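Asker: Got a predicted structure here, sequence first:
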Amino acid sequence: MFVKQAYRARRAQQVGWKSYGALVVQLVAVLAVLGTGGFFLLRTHSVTIVDDGARRLVRSHAFTVAGVLQQAGVTLGPHDTVRPGRDSLVRGDVVVGRGRQVRLTVDGRQSRRWVTARTVPALLADLGYRRSAVRVSGVDGVIDRDGATVTIRTRKHVTLVSHGRKTAYTTYAATVRELLAEHEVQLGRHDETAPALSHTLAGVRNVDLFTVSRKVKTETVTVSAPTKTEKRNDWMLDQQAVVDEGHDGKRTEKVEYVYRDGKKYQRKVLSSSWVSKASPKVIAKGTTPYPPDPTGLNWSGLAQCESGGNPHSVSANGQYMGLYQFSQSTWERMGGIGRPSDATPREQTYRAIKLYQASGKGQWPVCGAKL
């Protein structure tokens, strides 16, 4: 009895192992089938490419935008765009925009730009314009791949100012000239506007009108003498003097006066001729630096005694001047120019040193002892 039971148990175990082995063989066979075509099917996915508005469904095993476009045979030009970016992972539709060149005129200003908008409304949106605030001409709704010419006029609120009177307008005119023509505003032959007639109205709030008149006169005018500087090597560094006063000139001018709204605005010289030419005023300036004092004497003490230290001092009788009370003749003999009291303190001291070297301190009989 016991032997029969043991035999039945071993038999059941053998049958179980055979069933498990058959299952393994079946799984291997299925995986082999999937490894040829089925594995590829597991990796591919569907992507919708919207190319310049045209939609098509493609299958791809790439997971980046660049890879999907390459496998789909879609190439991008230098002015084309793609959303999302080339390196982005594909999570939805891939949208390709094709560049087209638009010759754009906005309120008279011309430009060329590359856009991907396929319609005028889309172009306006890309440019930031509300359709209700502009007028568009030059293309009928659709912008094809060859590009287009588009003229845009924006709505503006402009105030016209004439002789203090203000009139407000809402206009789509591109320039000042168009605004005036639109409202039949007539200008006189010489009348002016600010901004000018050809100026764009973009960004302009006020346009001023001026009634302009012109008068031509002949006038004689004085021309001031120019100033000329000459360098003198034989003069000390801060010596300066007018060596030629020169004289003013006179010139006859034919001039045009421009009046805006009755007020003088501009003077234009139309022609001119000399009556007498101006002669320059010549100022000579020294260039030689002062040497050091070789005496070592108390010149400030002498100046304090002679003039109270005032370089512009003049004696009561008018004969002696400056720090060291030079007479005019002595000053000139020591190389000075002009009046001693007009010279700089440095030059006065330099001339006093020269006088001392030539004649001693006896030139200052009272104050010489201060040296």
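Answerer: That came in fine, so what should we check first?

Asker: Residue for residue, what is the longest strand the chain has?
Answerer: The residue-count maximum for a strand in the chain (DSSP state E) belongs to strand 263-276.

Asker: Partner strands of whatever helix or strand comes next after that strand, with direction?
Answerer: Tracing the chain C-terminally past strand 263-276 and defining elements by DSSP states H and E, one meets strand 281-288 next. Under the criterion DSSP bridges, strand 281-288 sits next to strand 227-236 (parallel), strand 240-244 (antiparallel) in its sheet.

Asker: May I see the buried residues of strand 281-288?
Answerer: By neighbour count, with 16 or more other C-beta atoms under 10 Å as the criterion, the buried positions of strand 281-288 are 281-282, 284, 286. No exception for glycine: its C-beta is placed from N, CA and C like everyone else's.

Asker: now swap in stretch 355-370 and tell me
Answerer: 355-356, 363-364, 367, 370.

Asker: Rebuild those residues as CSV, extending it with pLDDT, secondary structure and distance to A225.
Answerer: Rendered in CSV, the data for the buried residues of stretch 355-370 read as follows (pLDDT from 0 to 100; DSSP: H, G, I helix; E, B strand; the rest coil; distance: C-beta to C-beta, whole Å):
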residue, pLDDT, secondary structure, distance to A225
L355, 97, helix, 37
Y356, 97, helix, 41
Q363, 92, helix, 40
W364, 95, coil, 42
C367, 95, helix, 44
K370, 94, helix, 46
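
Asker: which one of the residues you listed is nearest R260?
Answerer: L355 (67.5 Å; C-beta to C-beta).

Asker: the helices in the stretch 251-371 of the chain, which residues?
Answerer: Along the stretch 251-371 of the chain, the stretches classed as helices by DSSP state H, counting those that start in this stretch are 299-307, 328-333, 345-359.

Asker: by contact count, what packs against the first one?
Answerer: Helices and strands in packing contact with helix 299-307 are listed as helix 345-359; criterion 3 or more C-beta pairs under 8 Å, 6 or more residues apart in numbering; DSSP states H and E.

Asker: Equivalent analysis for the last one, please.
Answerer: Here helix 345-359 is seen to pack against helix 299-307 when contacts are counted using 3+ C-beta pairs under 8 Å, 6+ apart.

Asker: Check the offset of the helix it packs on from the chain's centre.
Answerer: In terms of C-alpha atoms, centre = their mean, to the nearest Å, the centre of helix 299-307 is set 61 Å apart from its chain centre.

Asker: That one to helix 345-359, inter-axis angle?
Answerer: 90 degrees (axes from the mean of the first three to the mean of the last three C-alpha atoms, to 10 degrees).

Asker: Kindly export helix 299-307 (C-alpha atoms) in CSV.
Answerer: Written as CSV, here are the backbone C-alpha positions of helix 299-307 (Å, rounded to 0.1, in the frame of the first residue of the first chain):
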residue,chain,number,x,y,z
TRP,A,299,62.3,140.9,-0.8
SER,A,300,59.0,140.5,1.0
GLY,A,301,60.3,142.7,3.8
LEU,A,302,61.3,145.4,1.2
ALA,A,303,57.9,145.2,-0.5
GLN,A,304,56.1,145.5,2.9
CYS,A,305,58.1,148.6,3.6
GLU,A,306,57.7,150.2,0.2
SER,A,307,54.0,149.5,-0.6
